[in-house]
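Participant: Let's see this in three dimensions:
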Amino acid sequence: MSYITPNQLAAHRLITAPTFTATCRRLVYTEGSGDYGYGAPTYPAGISMPCLFDPRPEPDANEAGAVLMVDADLYLAHDATLLPDDRVKITHLYGEAVANPQTYAIVEGPIVDGNVMHAALSLITDGSDEDAE
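Facilitator: Model (predicted):
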């Protein structure tokens, strides 16, 4: 038994779509091809998708502890393609191109939550996304 009809779900998705005021580019996880299959993974640029990027400014936690660091939340259309090992680069905010796009790793999700897909992101600061484009 469903508490929401397909028409109601379609209406919800129609209402949600205009809230996606940012654009992200999927960086597709690709295994390294070094000796014996080991090597640093690469992240070639994939498709760009409309999204809602919600930064979460929080004080620094103890990096030595087991505290999950989440720097932002990302919301996409429910049928978007994004996998847990992928990364995302935020290229536009509120329709304007970002001068220095930042790359984020997915630390939670992505999961379909109601009529959107949600992923928690952590900023990559070690330069490991250099070959992403």
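
Participant: Quick check: which ranges of this structure have low pLDDT?
Facilitator: Along the chain, segments meeting pLDDT under 70 span 1-2, 12, 15, 34-37, 58-68, 126-133.

Participant: got the CA positions of stretch 19-33 in PDB?
Facilitator: What follows is stretch 19-33, C-alpha atoms only, in PDB (Å, rounded to 0.1, in the frame of the first residue of the first chain):
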ATOM      1  CA  THR A  19      15.500  24.600  -6.200                       C
ATOM      2  CA  PHE A  20      18.500  23.100  -8.000                       C
ATOM      3  CA  THR A  21      20.300  26.400  -8.400                       C
ATOM      4  CA  ALA A  22      23.800  25.000  -8.800                       C
ATOM      5  CA  THR A  23      25.600  22.700 -11.200                       C
ATOM      6  CA  CYS A  24      28.000  19.900 -10.400                       C
ATOM      7  CA  ARG A  25      30.100  17.800 -12.600                       C
ATOM      8  CA  ARG A  26      30.400  14.100 -11.800                       C
ATOM      9  CA  LEU A  27      33.900  12.900 -11.600                       C
ATOM     10  CA  VAL A  28      33.700   9.100 -12.400                       C
ATOM     11  CA  TYR A  29      35.800   6.800 -10.200                       C
ATOM     12  CA  THR A  30      38.100   4.700 -12.400                       C
ATOM     13  CA  GLU A  31      40.400   2.100 -10.800                       C
ATOM     14  CA  GLY A  32      44.100   2.500 -11.200                       C
ATOM     15  CA  SER A  33      45.900   0.300 -13.800                       C
END
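
Participant: quick one, helices of this protein?
Facilitator: 6-16 (DSSP state H).

Participant: can you give me the strands for it?
Facilitator: 22-27, 45-55, 72-77, 87-93, 96-113, 116-123 (DSSP state E).

Participant: Can you show me the CA trace of the fifth one as PDB?
Facilitator: Coordinates of the C-alpha atoms in strand 96-113 are reproduced here as PDB (Å, rounded to 0.1, in the frame of the first residue of the first chain):
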ATOM      1  CA  GLU A  96      27.100  31.900 -12.100                       C
ATOM      2  CA  ALA A  97      30.300  30.100 -13.000                       C
ATOM      3  CA  VAL A  98      32.600  29.400 -10.000                       C
ATOM      4  CA  ALA A  99      36.000  31.000 -10.500                       C
ATOM      5  CA  ASN A 100      37.900  28.200  -8.700                       C
ATOM      6  CA  PRO A 101      35.600  25.100  -8.600                       C
ATOM      7  CA  GLN A 102      36.200  22.800  -5.700                       C
ATOM      8  CA  THR A 103      36.100  19.000  -5.700                       C
ATOM      9  CA  TYR A 104      34.400  17.000  -3.100                       C
ATOM     10  CA  ALA A 105      34.400  13.300  -2.100                       C
ATOM     11  CA  ILE A 106      31.200  11.500  -1.200                       C
ATOM     12  CA  VAL A 107      31.300  10.500   2.400                       C
ATOM     13  CA  GLU A 108      27.700   9.400   2.900                       C
ATOM     14  CA  GLY A 109      25.300   8.100   0.200                       C
ATOM     15  CA  PRO A 110      24.200   8.800  -2.300                       C
ATOM     16  CA  ILE A 111      20.700   7.700  -1.300                       C
ATOM     17  CA  VAL A 112      17.300   8.500  -2.700                       C
ATOM     18  CA  ASP A 113      15.500  10.400   0.000                       C
END
